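Novice: requesting a structural model of the entry that follows:
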Amino acid sequence: AVVVQLFQPLSLQLVRWFASRSGKGMFLEEAGVVLEAVMEGVESGTNGKLREASSEALALYVEWTLRGVTGDQEQEDAVMVKKVLRRLYGLLSHPSVCKRLGALFAVKQLAKGLGRHPRIVDQFLLELFGECVRSLRFAATDHPALQSELAGVSALISLKKLLFRTDPSKPEQRYFDKLCAPRQGKGAVHVRRRFETLPKFAEWLFGMVGSHAKPARRFAMQVLPELAKHIPDF
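Specialist: The predicted structure is shown next:
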């Protein structure tokens, strides 16, 4: 506990400093080393506390990198976010339950800050939601003491809350309403990569109701009716 109190504030401060500079194109190599160290902590197979602390650091890294990105095109391209998500998607479907737990902790932390970045939510929320649902399928064979299903559902609930939040760039519109239609508007040059619209995602989620993996099936059966109530003509 003493070591954590001494070094965690310092480590988070370093993450913020390098991430904010990398968003402006400075210290890119050093920031890459910091990101790699954080990801190693997220993937830890032996230390749960390290996974949780590294998940917080990863969310901080993403947030402060995005704060340093000011151009519309750079925000739209979201190179760093894509890099982080690719790593997390690999961990979410990893055979190691420890790596999946680390990724789920990271997703939950990321969901807290992404709501301030409409372009990121618009592009990536649905595919991130889908990857976490897929990750739940692995929880069916995990030892109950590891509580991987609980971690997965907790991450998904955080993403669902984000789905119903208001878009800060359009206070009259929720992200949910925005995602019901294909991407459009000034600067929206990249399509959503996996699910073009929320109705398409809901159709896929309906297919998960027939999954042989109970955790994924349970979650799909719980959340699908809630989504369907808000999707026109679904």
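Novice: and the contacts of stretch 33-40?
Specialist: L14, V15, F18, A19, S54, A57, L58, Y61, V84, R87 (C-beta atoms under 8 Å, 6 or more residues apart in numbering). Where you see a C-beta, it was placed from the backbone N, CA and C, and this is true even at glycine.
Novice: ok, now with 6 Å
Specialist: For stretch 33-40, contacts defined as C-beta atoms under 6 Å, 6 or more residues apart in numbering pick out F18, S54, A57, L58, R87.
Novice: stretch 48-61 now?
Specialist: Here stretch 48-61 makes contact (C-beta under 6 Å, 6+ apart) with 12, 15, 19, 38, 41-42, 44, 102, 105-106, 109-110, 113.
Novice: ok now stretch 167-185, how far from the chain's centre?
Specialist: 18 Å (C-alpha atoms, centre = their mean, to the nearest Å).
Novice: just the buried positions in that stretch, please.
Specialist: D167, R174, Y175, F176, D177, K178, L179, C180, R183 (16 or more other C-beta atoms under 10 Å).
Novice: three-state assignment of the last one?
Specialist: In other words, R183. Recorded secondary structure, R183: coil (DSSP: H, G, I helix; E, B strand; the rest coil).
Novice: distance of it from R192?
Specialist: For R183, the distance to R192 (C-beta to C-beta, to the nearest Å) stands at 6 Å.
Novice: then the second one?
Specialist: When C-beta to C-beta is applied, the distance between R174 and R192 equals 17 Å.
Novice: can you give me the helices for the protein?
Specialist: Taking DSSP state H as the criterion, the chain carries its helices at 2-22, 28-42, 48-68, 72-77, 79-92, 97-114, 118-139, 148-163, 175-179, 198-208, 214-228.
Novice: could you tell me the least trusted of the ones you listed?
Specialist: Sorting the helices of the chain by mean pLDDT places helix 72-77 lowest, at a mean of 69.
Novice: quick one: contacts for R86?
Specialist: For R86, no contacting residues are found, by C-beta under 6 Å, 6+ apart.
Novice: returning to what we had before: can you pick out the most distant pair from the contacts of stretch 33-40?
Specialist: Farthest apart among those by C-beta to C-beta are F18 and R87. That separation is 17.4 Å.
Novice: higher neighbour count, the two?
Specialist: Neighbour count, other C-beta atoms under 10 Å: between F18 and R87, F18 has more, with 22 against 18.
Novice: if we can go back for a sec, biggest separation within the buried residues of stretch 167-185, which pair?
Specialist: R174 and R183 (15.9 Å).
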